[in-house]
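> Attaching a predicted model along with its sequence, questions to come.
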Amino acid sequence: MDNYDVNRLRSDFPGLDRKIYNRQLVYLDNTATSQTPRQVVESIEHIYYNSKANVHRGVHTLSQEMTALQEAARERVRGWINAASTDEIIFTRGTTEAINLVASSYGSFFHDGDEIIVSVMEHHANIVPWQLLQSRVNVKLRVIPMDDRGVLDLDAYAKLFNSHTAMVAIAHVSNVLGTVNPVDEIIRIAHDNGVPVLVDGAQAVAHQRVDVTALDCDFYTFSSHKMYGPSGIGVLYGKRDLLEKMPPYQGGGEMIGNVSFEHTTFAELPYKFEAGTPDFVDIAALKSAIDYLEPIGMEAIAAHEHKLLEYTSQKMMEIPGMRIFGTAPGKDAIISFLIGDAHHYDTGMLLDKLGIAVRTGHHCAEPLMHRLGIEGTVRASFGLYNTIEECDIFIAALKRVAMMLG
Ligand code: PLP
């Protein structure tokens with residue numbers, strides 16, 4: 001993108017100016033969390049100093065103002081992912097809580113012997129909540145395999161369906177391999193079998209335009225902190241007819257109609273799933289993150305990140321012993337790798353000493369590590385503010401580390 005002014009964008013992120021061991025920080029851990037632009041932080045400060053009051057409870061001006069800010073954020077999120085109604089936008093603590101909510105609440109409809117289809121590349125957040133159901137009901141996980149590039153086997157997937165299949169829960173983008181899964185096709189096959197689909201969008205929303213109506217997914221989940229927004233909040237999108245029949249996830253204030261010691265009625269959507277005081281300041285600031293991303297354009301961000309991915313991957317392959325995990329066509333800008341037999345932790349530590357922030361370990365995807373036959377990887381992941389110059393610094397550092405580790 002010729003008119004993509006990365007230096008102007010970088011000036012919005014004071015966090016990128018940090019020095020690490022006297023070197024300029026090169027932040028390549030965007031899959032774990034992104035840095036936050038000034039505009040989002042300033043909106044948080046503004047709310048704390050001007051409009052902080054609890055939502056939905058007060059007749060006073062501040063409470064009404066804060067409620068309006070929260071609900072404006074809900075409308076902004078609705079439009080951003082093209083949901084039909086704000087009733088379908090539930091604020092949660094993040095992707096993890098959103099998936100737990102669906103597993104616990106929708107999971108109350110499951111029966112002994114029911115099966116949940118997941119893929120081999122799922123984050124633990126999309127495995128363990130389904131396994132927790134096993135204390136209540138005897139459900140089983142069925143797993144979609146992948147090939148050595150990290151592409152899911154859709155023929156094998158289609159064969160997993162039977163009369164016991166109760167749910168498909170699938171990552172939109174793998175946080176380790178960068179694979180962008182064909183969720184539209186996955187959803188179509190599931191719906192042909194009468195099965196609902198939850199899409200874990202944690203790694204998608206900051207890197208591509210997501211349209212839940214076009215996808216026709218039943219649930220979609222994501223976290224604000226990975227999309228340049230504040231930490232501590234996230235979103236569950238759910239189709240209204242499903243959310244309406246699902247029981248509440250947690251009990252408390254905000255989620256009730258009337259309460260007596262004998263009987264309680266529940267609030268309408270979306271509040272039925274938002275027990276207790278929500279993180280209203282951060283929810284309101286999530287709107288600022290979307291306001292920030294929208295004018296840049298998700299297509300422009302994706303094109304920029306793909307340029308960085310291609311440039312870096314190519315240069316990395318010139319380093320002797322380099323092993324990259326995840327080569328699916330059209331993958332996102334996430335590079336998991338090992339240098340020869342060097343331990344991922346040693347590589348990560350040495351890169352840190354050179355000012356480069358990458359992540360090491362199993363990336364909360366242990367079953368995927370078993371499939372790859374490794375313990376962990378080093379992961380470099382790119383965001384809207386990374387530059388070709390940073391890729392060069394990273395490559396030079398990798399060469400140095402490769403020499404040091406023999
Ligand atoms: N799903 C995927 C694919 C992720 O990458 C992550 C976090 O890295 C999560 C779920 C969990 O997100 P959070 O910790 O924000 O709830």
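Arrived safely. Numbers count the residues shown, from 1 in each chain.
> and Gln134, that's in a helix?
Yes - applying DSSP: H, G, I helix; E, B strand; the rest coil, one finds Gln134 inside a helix.
> and Asn258, how many neighbours does it have?
Residues within reach of Asn258, counting by other CB atoms under 10 Å, total 9. (C-beta placed from N, C-alpha, C; glycine too.)
> tell me the contacts of the residue nearest in space to the middle of the chain?
With distances taken as CA atoms, centre = their mean, Ala202 lies nearest the centre of the chain, 1.0 Å away. Listed by CB atoms under 8 Å, 6 or more residues apart in numbering, the contact partners of Ala202 are Thr95, His123, Ala125, Ala171, His172, Asn175, Thr221, Phe222, Ser223, Lys226.
> Any figure for the gap between the third one and Gly238?
Translated: Ala125. Relative to Gly238, Ala125 is positioned 17 Å away (criterion: CB to CB, to the nearest Å).
> Please apply the same query to the last one.
If you measure Lys226 against Gly238 using CB to CB, the figure is 20 Å.
> The two: who's more crowded?
More crowded of Lys226 and Gly238, by other CB under 10 Å: Gly238, with 30 against 26.
> what bridges to the residue lying closest to the more buried one once chain neighbours are set aside?
The shortest distance from Gly238 to any non-neighbouring residue, by CB to CB, 6 or more residues apart in numbering, is to Phe219 (4.9 Å). Here Phe219 sits in beta bridges with Leu198, Gly238, as judged by DSSP bridges.
> can you count the residues close to Phe219?
Neighbours of Phe219 using other CB under 10 Å come to 26.
> Tell me which residues touch it, please.
Contact analysis of Phe219 by CB under 8 Å, 6+ apart lists Ala98, Val102, Tyr106, Pro196, Val197, Leu198, Val199, Leu236, Tyr237, Gly238, Lys239, Leu242.
> which stretches of the stretch 301-406 of the chain form strands?
For the stretch 301-406 of the chain, strands defined by DSSP state E, counting those that start in this stretch occupy the ranges 322-325, 334-339, 356-357, 359-361, 377-381.
> what packs against the shortest one?
The criterion is 3 or more CB pairs under 8 Å, 6 or more residues apart in numbering; DSSP states H and E, and the helices and strands that strand 356-357 contacts are strand 26-27, helix 388-404.
> Let's see that with 6 Å instead.
When contacts are defined as 3 or more CB pairs under 6 Å, 6 or more residues apart in numbering; DSSP states H and E, strand 356-357 packs onto no helix or strand at all.
> what's across from the nearest residue to Asp29 once chain neighbours are set aside in the sheet?
Closest residue in space to Asp29, ignoring its immediate chain neighbours: Ala357 at 4.7 Å, by CB to CB, 6+ apart. Ala357 has these beta-bridge partners by DSSP bridges: Tyr27.
> For the residue in the stretch 301-406 of the chain that the ligand sits nearest to, give me its contacts.
Minimum separation of the stretch 301-406 of the chain from the ligand (CB to the nearest ligand atom) falls at Cys364, amounting to 6.2 Å. Residues near Cys364 by CB atoms under 6 Å, 6 or more residues apart in numbering: His123, His124.
> Mind doing that once more with 10 Å?
The contact partners of Cys364, by CB atoms under 10 Å, 6 or more residues apart in numbering, come to Ala32, Thr96, Glu122, His123, His124, Ala125, Asn126, Ile127, Val128, Asn175, Val176.
> Please pick the buried ones from those.
Among these, those scoring as buried are Thr96, Glu122, His123, Ala125, Asn126, Ile127, Asn175, Val176 (criterion: 16 or more other CB atoms under 10 Å).
> now, which of the contacts of Cys364 sits nearest Cys391?
Distances from Cys391 to the contacts of Cys364, taken as CB to CB, are shortest for Ala32 (18.6 Å).
> My read is that the closest one contacts His225, right?
Yes - with contacts counted by CB atoms under 10 Å, Ala32 reaches His225, the gap being 9.0 Å.
> Please look at Lys245 and Tyr106 and confirm they touch.
Yes - contact criterion CB under 10 Å: Lys245 and Tyr106 qualify, at 9.0 Å.
> Neighbour count: these two, which is higher?
Tyr106 (22 against 10).
> ok, now which ones touch that one?
Residues in contact with Tyr106 (CB under 10 Å, 6+ apart) are 166-167, 196, 198, 218-219, 238, 242-243, 245-247, 249.
> restrict those residues to those near the ligand?
Among the contacts of Tyr106, no residue sits close to the ligand (CB under 6 Å from any ligand atom).
> Tabulate these (TSV), appending pLDDT.
Conversion of those to TSV gives the following (pLDDT from 0 to 100):
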residue	pLDDT
Ala166	98
Met167	98
Pro196	98
Leu198	99
Asp218	99
Phe219	99
Gly238	98
Leu242	98
Leu243	98
Lys245	98
Met246	98
Pro247	97
Tyr249	97
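> are any of those buried, and which?
Buried, going by 16+ other CB under 10 Å: Ala166, Met167, Pro196, Leu198, Asp218, Phe219, Gly238, Leu242, Leu243, Met246, Tyr249, out of these.
> show me what contacts Ile301?
Met1, Tyr4, Leu9, Ala206, His207, Gln208, Arg209, Leu293, Ala333, Gly383, Leu384, Tyr385.
> confidence score at the first one?
I take that to be Met1. The model reports Met1 with a pLDDT of 44.
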